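>>> The following comprises the amino acid sequence and a computationally predicted model.
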Amino acid sequence: MDKITRVICRRCLLSEIGEEALLQSLNELKAALPIDEKADSDEYERRLTICKNCDDLNSGTCMKCGCYVEFRALKKRMSCPHENRKW
């Protein structure tokens, strides 16, 4: 049997690393968030782009606060936890 090596993807979002069960749970949380608490789609994508270029993103998780960036970025009233906020 072939040995499977798991690669940790730095600067990747959960949707890009194939963690299907975790991604499904995250998508369910995102869908359950009331519309008035969600950032609009352009702002959400802008935030994710910034996160993807941050050295503190590791496998979809912000190493500054431990959140999943794809959920934090969706919440309208949230901000980047970095000491020099990026969004």
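Structure's in. What do you need?

>>> Now do the same contact list for V69.
L13, R47, L48, C51, L57, G60, T61, C62 (Cβ atoms under 8 Å, 6 or more residues apart in numbering). The C-beta positions use only the backbone N, C-alpha and C, and glycine is treated the same way.

>>> How are the strands of the chain distributed by residue range?
57-58, 61-62 (DSSP state E).

>>> nearest to K30, of the ones you listed?
strand 61-62 (15.8 Å; Cβ to Cβ).

>>> Point out the other helices and strands that that closest one packs with.
helix 69-72 (3 or more Cβ pairs under 8 Å, 6 or more residues apart in numbering; DSSP states H and E).

>>> quick one: average pLDDT of the helix it packs on?
Helix 69-72 comes out with an average pLDDT of 94.

>>> ok, now stretch 25-45?
92.

>>> Now tell me what touches that stretch from outside.
Against stretch 25-45 from outside (Cβ under 8 Å, 6+ apart): L14, R47, Y68, E70, F71, A73, L74, K75, K76, R77.

>>> Out of those, which comes closest to E20?
Using Cβ to Cβ, the contacts of stretch 25-45 come closest to E20 at L14, 9.6 Å.

>>> Please identify the buried residues of stretch 62-76?
If you call a residue buried by 16 or more other Cβ atoms under 10 Å, then stretch 62-76 has these buried ones: C62, C67, Y68, V69, E70, F71, R72, A73, L74, K75.

>>> which residues sit in contact with the residue lying closest to T61 once chain neighbours are set aside?
What sits nearest to T61 in space, not counting adjacent residues and going by Cβ to Cβ, 6 or more residues apart in numbering, is Y68, at 6.1 Å. Y68 sits next to L14, L26, G60, T61, C62 when contact means Cβ under 8 Å, 6+ apart.

>>> Kindly recompute the last result at 10 Å.
13-14, 22-23, 25-26, 29-30, 59-62, 74 (Cβ atoms under 10 Å, 6 or more residues apart in numbering).

>>> still on that earlier bit, tell me which two in the contacts of V69 are the farthest apart.
R47 and T61 (15.0 Å).

>>> and P81, what is it in contact with?
Here P81 is in contact with D56, C62, M63, K64, C65, G66, C67, V69, R72 (criterion: Cβ under 10 Å, 6+ apart).
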